[in-house]
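1. Provided below for reference: sequence and predicted model.
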Amino acid sequence: MSFEPRHDAEGRRAGKVLIATDSGAHRASVSRFLANRGYSFVVADTVEETLAQLRTGGFELVVAAMTGEDADGMALMRRVREVMPGLPVIVLALGGAPIEPMHLDCATGLNHEIAKGPEGSTREVRGRLASLTARERQVLELIVAGRANKIIAYELNISPRTVENHRARVMEKLRATSVADVVRMALSAGLNA
């Protein structure tokens, strides 16, 4: 789904953003940011409330910024994808720091970039992904999940040098110039990390 701003009859941006945060300070900064930019949004305090809100529909983006016991953003992303497959989820790993406007600009901008993608159409990207071997696909999924080469090597029981070789072939086959390009392409094609 594109987050290209669409507007309703009253000039507000159409499509809602769901912010999953358990922090009062985060709620305040997110509300100001999105209201000032004309976004419709809903803030959920817990994982369960986030999932309940998703079931109501109409969301184009989920931004997760949990700080308490629900702070595992990747687990939340997996649960969101069970409820709404294909819905973009951006996890802000803030380590207790406040949400700054640049974090949210980045999140909404990244969603837009994923949707439009400078790397080609989703069909082209899926074709490139199909050219990966099973091991390259495993390495790609771990790259998208944010794992470092040494962690990937440990998890796949291969050497870090072998991971570097697979990573280089993934980038070559996807025609990517950076890890950010690889992540964008994988997410645009619906890869679940």
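-> Cool, the structure landed.
2. what are the ranges of the strands in the protein?
-> 6-7, 13-14, 16-20, 40-44, 59-64, 89-91 (DSSP state E).
3. closest to Asn149 out of the ones you listed?
-> Between Asn149 and the strands of the chain, the shortest separation by Cβ to Cβ is 20.9 Å, and it involves strand 89-91. Every residue, glycine included, has its C-beta placed from N, CA and C.
4. what's that closest one packed up against?
-> strand 59-64, helix 73-83, helix 101-116 (3 or more Cβ pairs under 8 Å, 6 or more residues apart in numbering; DSSP states H and E).
5. tell me who's in contact with Lys150.
-> Pro160 (Cβ atoms under 8 Å, 6 or more residues apart in numbering).
6. what's the least confident stretch among the helices and strands packed on strand 89-91?
-> Lowest mean pLDDT within the helices and strands packed on strand 89-91: helix 101-116, a mean of 55.
7. hmm, Val43 and Thr21 touching each other?
-> Yes. In terms of Cβ atoms under 8 Å, Thr21 counts as a neighbour of Val43; the distance is 6.5 Å.
8. now list whatever residues contact both of the two.
-> Common neighbours of Thr21 and Val43 (Cβ under 8 Å, 6+ apart) are Arg27, Val30.
9. more neighbours, these two?
-> The neighbour count for Thr21 versus Val43, taken as other Cβ atoms under 10 Å, is higher for Thr21 (25 against 20).
10. who are the contact partners of Glu82?
-> So Glu82 contacts nothing (Cβ under 8 Å, 6+ apart).
11. pLDDT weak spots in this structure?
-> 1-15, 67-74, 92-122, 190-193 (pLDDT under 70).
12. the helices in it, which residues?
-> Using DSSP state H, the helices of the chain run over 24-36, 47-56, 73-83, 101-116, 122-130, 134-144, 149-156, 160-174, 179-188.
13. next, count neighbours for Ser23.
-> Ser23, neighbours per other Cβ under 10 Å, totals 18.
14. if I look at it, how far off is Met185?
-> Ser23 sits 32 Å away from Met185, going by Cβ to Cβ, to the nearest Å.
15. hmm, Val17 is touching Leu34, no?
-> Yes. Between Val17 and Leu34 there is a contact under Cβ under 8 Å: 6.1 Å.
16. coming back round to it: the strands of the chain: which one's closest to Leu132?
-> strand 89-91 (22.9 Å).
17. each with direction, which strands does the closest one pair with?
-> According to DSSP bridges, strand 89-91 forms sheet pairs with strand 59-64 (parallel).
18. just want the angle from the strand it pairs with to helix 24-36.
-> 150 degrees (axes from the mean of the first three to the mean of the last three Cα atoms, to 10 degrees).
19. picking that back up, anything in contact with each of Val17 and Leu34?
-> Contacts common to Val17 and Leu34, judged by Cβ under 8 Å, 6+ apart, are Phe41.
20. okay, those two: which has more neighbours?
-> Val17 (25 against 21).
21. show me the contacts for that one.
-> Val17 neighbours (Cβ under 8 Å, 6+ apart): Leu34, Tyr39, Ser40, Phe41, Val42, Phe59, Glu60, Leu61, Val62, Val63, Thr108.
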